[in-house]
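A.B. asks: Kindly generate the corresponding structure for this input.
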Amino acid sequence: MYDTDLAAIYDDLYQDRMGKDYIAEAGELAALVNAHHPHASSVLDVGCGTGGHLEGLRHHFAHVEGVEPAPAMRAIATRRLPGVAIHDRTMEAFDLGRTFSAVLFLFSTIGYATTEDRMCATVACLAAHTEPGGVVIVEPWFSPGQWIDGHVTHTVAATGSRTVIRMTRSTRDGAAVSRMDMHYLVADQHTPIRHFHDTHVMGLYTGEQYQQALTAAGLTRVTTFAGWKAGRPRFLAIKAAAGNA
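C.D. replies: Residues are numbered from 1 along each chain as shown. Model prediction:
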C-alpha cells in the first residue's frame, strides 16, 4: 500500500478531484484545538501522508511533527515540509520521547488497525503522546452498518497533462473488516498508459467502540464534530490531567 505509484497520484485523487482542502481543514482543526486548549503550541499528525494538513498546521502552531510509515508518502511530505520532522514509525506502537499539545489521526487512518485490540493500542499510543489537558482528534473509518458489500465506484482525476482513473470494488472480510480492491490507469503526455492496483484492508468499528477506546486510554470529554464526509464525524477528546482521570 501507498507505494511510489500511488503516492505520486495521491493528491491528484483527493485534493484536486475529490475537493479535499487540507489548508482549510488545518485552519478548522487549529481553531478546535485552541478552543479546548488555548495555550496549545505543538501538534503531531499521525499518518500524515503527503503532509497536506501539516502544511497548514505549521502556520498555526510553533512546532509540528508527523508520523508516516509509508516511505513514498513520507518522502513527499519531507520535500513539502523542509525542517519538519516526519518520523518513520508504525502507528500503533511508536515512541517519540515527548508529548504534544494536540495529536491528530485523520483521514480514517485508524481503520488500518484491523482488530479492536490494535485499534485500542493505537488510541493508547496517541494518548501517551498528548500532554495533560491536550487534545486528541481521531477521524474514523466506516462503521460495520455503513459498509456496503460489493459496492463498485470509480474516480477520474485530470490535472495538467496527467489523467488518473481509479475503479474500486469494496467487499467485507467477516463481520468487521472491509476490503477495497483498487485498480488504477495513469496516463500523461510523455509516458505510456500504466496500470497498477492495490488492496486496502481496514477494520470496521462502531462509534461506541471508538469512544470506549478513547476513554480507556485516559481521555475525557469525548465529543464529535463534522468530518469531511457526511455521516463520519470526527472524535475529539481531552487528555486528563494528573489526578483528574
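A.B. asks: can you give me the strands for the protein?
C.D. replies: 42-46, 63-67, 86-87, 100-105, 130-138, 151-159, 162-172, 177-187, 194-203, 219-225, 234-239 (DSSP state E).
A.B. asks: Between those, which one is closest to residue 210.
C.D. replies: Of all these, strand 234-239 sits nearest to residue 210, with 5.7 Å by C-beta to C-beta. Backbone N, C-alpha and C define where each C-beta goes, glycine included.
A.B. asks: helices or strands up against that closest one?
C.D. replies: Contact partners of strand 234-239 among helices and strands, from 3 or more C-beta pairs under 8 Å, 6 or more residues apart in numbering; DSSP states H and E: helix 22-36, strand 130-138, helix 207-216, strand 219-225.
A.B. asks: Could you give me the buried positions within the longest one?
C.D. replies: Buried residues in helix 22-36, defined by neighbour count with 16 or more other C-beta atoms under 10 Å: 22, 25-26, 29-30, 32-34, 36.
A.B. asks: Could you check the angle that helix makes with strand 42-46?
C.D. replies: Inter-element angle recorded for helix 22-36 and strand 42-46: 130 degrees (by axes from the mean of the first three to the mean of the last three C-alpha atoms, to 10 degrees).
A.B. asks: Quick one: residues in contact with helix 22-36.
C.D. replies: 15, 40, 43, 52-57, 59-61, 101-102, 104, 135, 137, 225, 228, 236, 238 (C-beta atoms under 8 Å, 6 or more residues apart in numbering).
A.B. asks: Please spell out the ChimeraX selection for the buried subset of those residues.
C.D. replies: Filtering the contacts of helix 22-36 down to the buried ones (16+ other C-beta under 10 Å) takes a single ChimeraX command:
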select :15,40,43,52,53,54,55,56,57,60,61,101,102,104,135,137,228,236,238
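A.B. asks: Okay, now the unreliable bits of the protein?
C.D. replies: 242-245 (pLDDT under 70).
A.B. asks: mind running it again at 90?
C.D. replies: By pLDDT under 90, the weakly predicted segments of the chain are 1-3, 11-12, 14-20, 159-161, 174, 189-191, 226-232, 240-245.
A.B. asks: And residue 24, how close does it get to residue 18?
C.D. replies: In this structure, residue 24 and residue 18 are 14 Å apart, going by C-beta to C-beta, to the nearest Å.
A.B. asks: before we move on, what about residue 57?
C.D. replies: From residue 57 to residue 18 the distance is 20 Å (C-beta to C-beta).
A.B. asks: Near residue 203, how many other residues are there?
C.D. replies: 21 (other C-beta atoms under 10 Å).
A.B. asks: Not counting its neighbours along the chain, what's nearest it?
C.D. replies: Spatial nearest neighbour of residue 203, excluding adjacent residues (C-beta to C-beta, 6 or more residues apart in numbering): residue 114 at 4.5 Å.
A.B. asks: give me the beta-bridge partners of the residue nearest to residue 150 when sequence neighbours are not counted?
C.D. replies: In space, residue 150 comes closest to residue 171 once its chain neighbours are excluded; the distance is 6.4 Å by C-beta to C-beta, 6+ apart. With DSSP bridges as the criterion, the beta-bridge partners of residue 171 are residue 179.
A.B. asks: ok, now which ones touch residue 171?
C.D. replies: Residue 171 neighbours (C-beta under 8 Å, 6+ apart): 149-150, 178-179, 181.
A.B. asks: Contact partners for residue 44?
C.D. replies: Contacts of residue 44 by C-beta under 8 Å, 6+ apart are 64-67, 96, 100, 102-104, 129.
A.B. asks: redo that, cut-off 10 Å
C.D. replies: 54, 57, 63-67, 85, 87, 94, 96, 98-105, 126, 129-130, 134, 136 (C-beta atoms under 10 Å, 6 or more residues apart in numbering).
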